[in-house]
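Engineer: Predicted model follows, preceded by the sequence.
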Amino acid sequence: MSLDRSDVQHIAHLARLSLDDAQVDAYLGDLNAILHLVEQLQAVDTEGVSPMAHPQDLAQRLRPDEVTEPNQREKFQALAPAVENGLYLVPKVIE
């Protein structure tokens, strides 16, 4: 698949970009090169290749799920202008 000038101008219009003729030509070449690369990648035979998230077999290091700070909910809610049933009350901003 390759794009022409009208395709680039249409894409620029959808993206709300103002492009002059030189920029349209530059983007036309860049976008066609990207699409050509995608076509090359799609042509690669990946039969029998298992999908992976990372090229190396690594395990993600996770920290233990432990409480590290004391619960200060009552202290913070005591400072709030309005609280009800443990929730902060705020003015309505959307009508």
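Structural biologist: On my side now, so go ahead.
Engineer: CA only for contacts and neighbour counts going forward, please
Structural biologist: Noted.
Engineer: Could you report the distance from the residue of the chain positioned farthest from its centre to L87?
Structural biologist: Residue farthest from the centre of the chain, counting by CA atoms, centre = their mean, is A78 at 38.0 Å. A78 sits 11 Å away from L87 when distances are taken as CA to CA, to the nearest Å.
Engineer: next one: A12
Structural biologist: A12 is 46 Å from L87, where distance means CA to CA.
Engineer: out of the two, which sits in the busier spot?
Structural biologist: A12 (15 against 9; other CA atoms under 10 Å).
Engineer: And the longest helix seen in the chain, what's buried?
Structural biologist: When the chain is parsed with DSSP state H, its longest helix is helix 21-43. By neighbour count on 16 or more other CA atoms under 10 Å, the buried set for helix 21-43 is V24, D25, Y27, L28, G29, L31.
Engineer: Per-residue pLDDT of the fifth one, please?
Structural biologist: Right, G29. pLDDT, G29: 95.
Engineer: Also the one 3 residues further on?
Structural biologist: N32 is assigned a predicted lDDT (pLDDT) of 96.
Engineer: Correct me if wrong: it contacts L3.
Structural biologist: Yes: using CA atoms under 8 Å, N32 is in contact with L3, at 6.2 Å.
Engineer: circling back to that earlier point, tell me which helix or strand the residue farthest from the centre of the chain sits in.
Structural biologist: Under the criterion of DSSP states H and E, A78 resides in helix 73-79.
Engineer: Show residues contacting whatever helix or strand comes next after that helix.
Structural biologist: Of the helices and strands lying after helix 73-79 in sequence (DSSP H and E), the nearest is strand 83-84. Around strand 83-84, the neighbours that count as contacts under CA atoms under 8 Å, 6 or more residues apart in numbering are Q77, L89.
Engineer: average pLDDT across strand 83-84?
Structural biologist: 94.
Engineer: same deal with stretch 46-65?
Structural biologist: The average of the pLDDT scores along stretch 46-65 is 83.
Engineer: what about it, start to end distance?
Structural biologist: 39 Å.
Engineer: try stretch 78-90
Structural biologist: Taking CA to CA, stretch 78-90 runs 15 Å from one end to the other.
Engineer: Check which residues of it are buried.
Structural biologist: Buried, per 16+ other CA under 10 Å, within stretch 78-90: nothing.
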